[in-house]
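K.L.:
Using only what follows, build the 3D model:
(one chain, ligands or ions: 1)
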Amino acid sequence: MAEALMQNQALPEATHNDMANAIRALAMDAVQKADSGHPGMPMGMADVATVLFTRFLKFDPAHPDWPDRDRFVLSAGHGSMLLYSLLFLTGYPDMTLEELKNFRQLGSRTAGHPEYGHAPGIETTTGPLGQGLGNAVGMALAERLLNARYGDELVKHFTYCVAGDGCLMEGISHEAISLAGHLKLGRLIVLFDDNQVSIDGPTSLAVSDDQIERFRASHWHTARVDGQDPEAVALAIENARSVTDRPSLIACRTIIGYGAPSKAGTAATHGAPLGAEEVAGAREKLGWRHPPFELPKPVLASWRAAGARHRAAYEDWAGAAKRLDTQARAGLTDPIDDKVKDAVTTAISAVKADFSREGAKLATRQSSQKVLEKLLPVVPGLVGGSADLTGSNGTFTIRSILINAGNFAGNYIHYGVREHAMAAAMNGLALHGGIVPYGGSFLVFTDYCRPSIRLSALMGQRVIYVMTHDSIGLGEDGPTHQPVEHLAALRAIPNLYVMRPADSVECAECWELALYSAHNPTILALTRHGLPLLRTTHSDENLSAKGAYVLIEPKGGRDVTLIGTGSELSLAVQAARALDGEGIKAAVVSVPCFELFAAQSEAYRDAVLGQAPRVAVEAAVAFGWDKWIGPEGAFIGMRGFGASAPAQDLYKHFGITPEAVAAAARDLTAKTKR
Ligand SMILES: Cc1ncc(C[n+]2csc(CCOP(=O)(O)OP(=O)(O)O)c2C)c(N)n1
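P.N.:
This is a model prediction of the structure:
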C-alpha cells in the first residue's frame, strides 16, 4: 500500500473536477447497480465534499478512531453514497470498491443509509432527517467539554455536518440550531445542501423560510455560496473556521443531480436510479469517460494523497497522548474503564447500604439524585442535564457544575425545553467518545425524544434517559402528563433497557447497570411520589442485574405469584401480607427491567416466575405483560388515560390497590383449587 502510494505520488495530480466527478460517477453507478438509492444529493454536493475532504477535514483513514479527528456527519443520510465514495477514495481500508459495488445489499458495509458500526468513518447512523444535525451539535459540544479537560494539544477539532432542505425543515433542526447558537459552539460548521429540491418537487411547494435569517436569529455566523464553485466553498469554510464564537452555516447553492443531462435540478434525481441513458449522458456531460467503478490512477492517487495528509498530525497527537496516564487516556474515549468501574461498584454498594440502613420513604427521582451525587465524583465523563425540568428530574446535584458558553469545564447542561435535541445531542456526546450523557424530562415526553431514543438503541450507545413522573402517580398534572402507554412503547424498542426501580436500592442498582451497559441506552423510569423502602437488608449483589428477582418467597411453596414494577411493587407486598393472613401463600417478584429478565436462562426465569398463577401490577397499560403472566394471569393496571387528582385518589379511582391485587390473587387461586 505504502509502495503503491509512493508510485502514485509520481502521477500527475488530478484536477478538482476529476476528483469531484469520481464521487458523482461512483454514486450514480452504485445506485444504478443496486437499482435503488439516491444519486442526486451526492452528485450535487460532490464539489463541496471534495473541497472539505481534500483541503480541510482532519482525519486519517489509517487511524479512524483518532479521538481528535474532525467529525463529519452526513445528516442527509439518504445521500449515503457521498460518504461511502469519500471513505473509499480517501483510503479507509474497510471501504473497498467491492463494498461500493454491493451498495444496499445484505451484509455489505454500504447500507441504504449510513449505519454506525458498519465501517470506520461512519460517525453516526443517519437517515431520519434532522437527527444528524442534532448529533453534530452533541459532538461539537463534546469537543468543547473535552477540550476544557484536556487542552488544545489533545482535543481541538471541528465538527462538520452536511444537512439538506429536509433536515432543516424538520422541527428538531430548530431545537438543535438554537441550542448550538446559545452555547456558541464555534467549531461546528453546517454545510447546507441548498438545492431547493426535495422528494415532492421544488421546496417552494412546502416551505419559504429564509434559512440564513433563521440561523442568524439563533446567533450563527452565516454565508451563502455557489456550491458548485470550489474556490468559493473553500473561502467560506476558511472564514467559518476563523469564527470561533459562533457556529457557522454555509448555505451551498447546488444543483441536485449535477451532470445529469435532463434530470439535473429536478426531484427525479433525488431517490431513484438515473437510468442507463441518463447515466451515459452524465458521463458525456461531465467528461468522465471511464467504465463504472473504474478510476483513472491519477484521480485515485490524488484522493489517497488527500487521505494521507494528516498522518504526521496524527503521530504528533499520539505522542502527546502517550504522555497521559492510562486512565486519562482511556477517558478520552471510554470514560468507564476498569478503574472507574471499580469505583462505581464501591460507590453504589455504599449508597445502597445507606439507603437500607436509613429506610427512608423516597421518590425514586430523589433516590436517583442521591445516587448521582455519589457517582459524579467517580465518573468524570458523566455529563448531565435536563430539558427544563432540573428540579423535577433531580438531575442536578451538589456535585454538578453548570456548563455554558463561557465554561465548558462543568458537567451539567440546561438543555432548555428541547427534549428532541437533547436526546439527539446526547447521542452525539456518546458517539464522540469521552462522555457518558444523562438527561432528564418527564416519562410522558419520551414521545418527544423517541426518534433519537430509537437511534441510541440502534447504534448501541450508552445514553441514560432520566425520565421521572412515570405514572398516574404524578397526580394533579393529569392525563396529559401521565404516561400510560409509554413503558410498553419503550419496551418495544429493541436494544433499549427500560428500568423501573421499585425503591431507592433498586434505583442505585439500575444506575449501576446503566453505566455498565456500554452498548445499550437506558431509560430510568422514576416516580414523583414517595415509595417505601422494600430492600431493607443490604446486599452487595446487584439483584436488579437479572432483570427480575424474588423479593418474597413464602415458606412451603407458592399459591400465587405477585409481580410488580416501580411504585406498584409495594402494593404487591401489601397484598402478599394480606393474603398470608388468609393462608394464601404469595410470592412477590420485582421486575425492574423486562429486557434483562428476557435475556436470562429459561431455568432462571422459570424459577423466578414459578408455577403458581400470576398477578401483575403496574400503573400502565397491560400491553406486553402477557409474556410474563401467561393467558391465565391477571393484570391490575390502567385501561385508558389517567385523570387529574391527588395520586392516592387516582390509585383508588383506577383500582390499582393492594386490595385489588389480593382480590385477583384470591380469584385465581380459587379457580386453580376448583
Ligand atoms: C424524518 C424523515 N422524514 C421523511 C424522510 C423521507 N425522506 C428522505 S429524503 C427526503 C427529502 C429530503 O429532501 P432534501 O433534504 O432536500 O434532500 P435532497 O432532495 O436534496 O436529496 C424525505 C422526505 C426521512 N428520511 N426522514
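
K.L.:
for the closest residue to R109 other than its chain neighbours, helix, strand, or coil?
P.N.:
Spatial nearest neighbour of R109, chain neighbours left out: A119 (4.1 Å); criterion: Cβ to Cβ, 6 or more residues apart in numbering. To be clear about C-beta, it is placed using only N, CA and C from the backbone, and glycine gets the same treatment. Classification of A119 using DSSP: H, G, I helix; E, B strand; the rest coil returns coil.

K.L.:
A119 against L100, yeah?
P.N.:
No. Judged on Cβ atoms under 8 Å, A119 makes no contact with L100 at a distance of 11.1 Å.

K.L.:
Need the overlap of contacts for the two.
P.N.:
With contacts taken as Cβ atoms under 8 Å, 6 or more residues apart in numbering, the residues that reach both A119 and L100 are T110.

K.L.:
which residues of the chain score low on pLDDT?
P.N.:
Regions of the chain meeting the criterion pLDDT under 70 cover residues 1-11, 674.

K.L.:
That one against the ligand: which residues are in contact?
P.N.:
For the chain, the residues found near the ligand under the criterion Cβ under 6 Å from any ligand atom are 38, 40-41, 76, 78-79, 127-129, 164-167, 170, 193, 195, 197-199, 256, 270.

K.L.:
Just the ones in helices from those residues, please.
P.N.:
Members of those lying in helices (criterion: DSSP state H): G40, M41, D165, G166, C167.

K.L.:
who wins for neighbours among those residues?
P.N.:
The most crowded member of these is G40, carrying 33 neighbours; neighbours defined as other Cβ atoms under 10 Å.

K.L.:
That residue is in contact with D193, isn't it?
P.N.:
No. The criterion here is Cβ under 8 Å, and G40 misses it with D193 at 9.8 Å.

K.L.:
need the contact list for Y412.
P.N.:
Residues counted as contacts of Y412 (Cβ under 8 Å, 6+ apart) are V383, G384, G385, T395, F396, S400, I401, L402, I403.

K.L.:
Just the element for the first one, please.
P.N.:
So that's V383. Here V383 is covered by strand 382-386, with elements defined by DSSP states H and E.

K.L.:
what does the helix or strand that that strand is followed by contact?
P.N.:
Scanning forward in sequence from strand 382-386, with DSSP H and E defining helices and strands, the next element found is helix 390-393. Contacting residues not belonging to helix 390-393 are listed as R365, S386, F396, H414, G440, S441, F442, V466, T468, H469, R528 [Cβ under 8 Å, 6+ apart].

K.L.:
Would you tell me which one of those residues comes nearest to the ligand?
P.N.:
Distance ranking of these against the ligand, using Cβ to the nearest ligand atom, places S441 first at 20.4 Å.

K.L.:
Now for K671, how many residues are close by?
P.N.:
10.

K.L.:
now do P64
P.N.:
Residues lying near P64 (other Cβ under 10 Å) number 18.

K.L.:
Give the full set of residues in contact with T326.
P.N.:
For T326, the contacting residues are D337, by Cβ under 8 Å, 6+ apart.

K.L.:
quick one on the thing from earlier: which ones are touching the residue nearest to R109?
P.N.:
Taking Cβ under 8 Å, 6+ apart as the criterion, A119 is in contact with L87, Y92, D94, M95, E99, R109, T110.

K.L.:
And G121, by the same measure?
P.N.:
For G121, the contact set (Cβ under 8 Å, 6+ apart) comprises F59, P61, P64, F72, L83, L86, L87, Y92, M95.

K.L.:
Need phi/psi at the second one.
P.N.:
Listed backbone geometry of P61 is phi -60, psi -20, with angles given as degrees, to the nearest 10.

K.L.:
tally of neighbours for it?
P.N.:
Burial of P61, expressed as a neighbour count using other Cβ under 10 Å, amounts to 21.

K.L.:
okay but it is in contact with Y92, surely?
P.N.:
Yes. Applying Cβ under 8 Å as the test, P61 and Y92 come out as touching, 4.3 Å apart.

K.L.:
intersection of neighbour lists for these two?
P.N.:
When contacts are counted by Cβ under 8 Å, 6+ apart, the set common to P61 and Y92 consists of P120, G121, G307.

K.L.:
ok, so what distance separates the second one from the ligand?
P.N.:
Just to be clear, that refers to G121. Using Cβ to the nearest ligand atom, to the nearest Å, G121 is found at 21 Å from the ligand.

K.L.:
what do you get for I122?
P.N.:
Note on I122: its distance to the ligand, by Cβ to the nearest ligand atom, is 17 Å.

K.L.:
Surely that residue touches A111?
P.N.:
No. When contacts are counted by Cβ under 8 Å, I122 is not listed as touching A111 (9.2 Å).

K.L.:
who's more crowded, the two?
P.N.:
For I122 versus A111, the count of surrounding residues by other Cβ under 10 Å is larger for I122: 28 against 20.

K.L.:
The closest residue to the more buried one other than its chain neighbours: which element?
P.N.:
The shortest distance from I122 to any residue that is not its chain neighbour, by Cβ to Cβ, 6+ apart, is 4.7 Å, and that residue is P114. Counting by DSSP H and E, there is no helix or strand that carries P114.

K.L.:
Just give me the neighbour total for P114.
P.N.:
By other Cβ under 10 Å, 28 other residues sit near P114.

K.L.:
ok, now A622?
P.N.:
Using other Cβ under 10 Å, A622 has 17 other residues around it.

K.L.:
So what does it look like in phi/psi?
P.N.:
In terms of degrees, to the nearest 10, the main-chain angles of A622 are phi -80, psi -10.

K.L.:
quick one on the thing from earlier: just the contacts of G121: which are in helices?
P.N.:
Where the contacts of G121 overlap with helices, as defined by DSSP H, the overlap consists of L83, L86, L87.

K.L.:
What subset of those is buried?
P.N.:
Burial by neighbour count, 16 or more other Cβ atoms under 10 Å: within those this picks out L83, L86, L87.

K.L.:
Looking at these, spot the one nearest H290.
P.N.:
Within these, the smallest distance to H290 is 18.2 Å, found for L86 (Cβ to Cβ).

K.L.:
what about the residue in the stretch 351-500 of the chain that the ligand sits nearest to, how many neighbours?
P.N.:
For the stretch 351-500 of the chain and the ligand, the shortest gap (Cβ to the nearest ligand atom) falls at P451, measuring 7.0 Å. Other residues near P451 come to 18 when the count uses other Cβ under 10 Å.

K.L.:
what packs against the helix or strand hosting it?
P.N.:
Assigned by DSSP H and E, P451 belongs to helix 446-459. When contacts are defined as 3 or more Cβ pairs under 8 Å, 6 or more residues apart in numbering; DSSP states H and E, helix 446-459 packs onto helix 131-150, helix 419-432, strand 464-468, helix 486-491.

K.L.:
Pick the most buried one from these.
P.N.:
Across the helices and strands packed on helix 446-459, averaging neighbours per residue (mean count of other Cβ atoms under 10 Å) puts helix 419-432 on top, at a mean of 30.

K.L.:
hey, C-alpha coordinates of that helix in PDB?
P.N.:
Coordinates of each C-alpha in helix 419-432 appear next as PDB, following Å, rounded to 0.1, in the frame of the first residue of the first chain:
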ATOM      1  CA  GLU A 419     -36.300  17.300  24.500                       C
ATOM      2  CA  HIS A 420     -35.700  16.100  21.000                       C
ATOM      3  CA  ALA A 421     -32.500  18.000  20.500                       C
ATOM      4  CA  MET A 422     -31.400  17.000  24.000                       C
ATOM      5  CA  ALA A 423     -31.700  13.300  23.100                       C
ATOM      6  CA  ALA A 424     -30.100  13.700  19.700                       C
ATOM      7  CA  ALA A 425     -27.300  15.800  21.200                       C
ATOM      8  CA  MET A 426     -26.800  13.100  23.900                       C
ATOM      9  CA  ASN A 427     -26.300  10.600  21.000                       C
ATOM     10  CA  GLY A 428     -23.700  12.900  19.700                       C
ATOM     11  CA  LEU A 429     -22.000  13.200  23.100                       C
ATOM     12  CA  ALA A 430     -21.900   9.500  23.400                       C
ATOM     13  CA  LEU A 431     -20.700   8.800  19.900                       C
ATOM     14  CA  HIS A 432     -18.000  11.400  20.200                       C
END
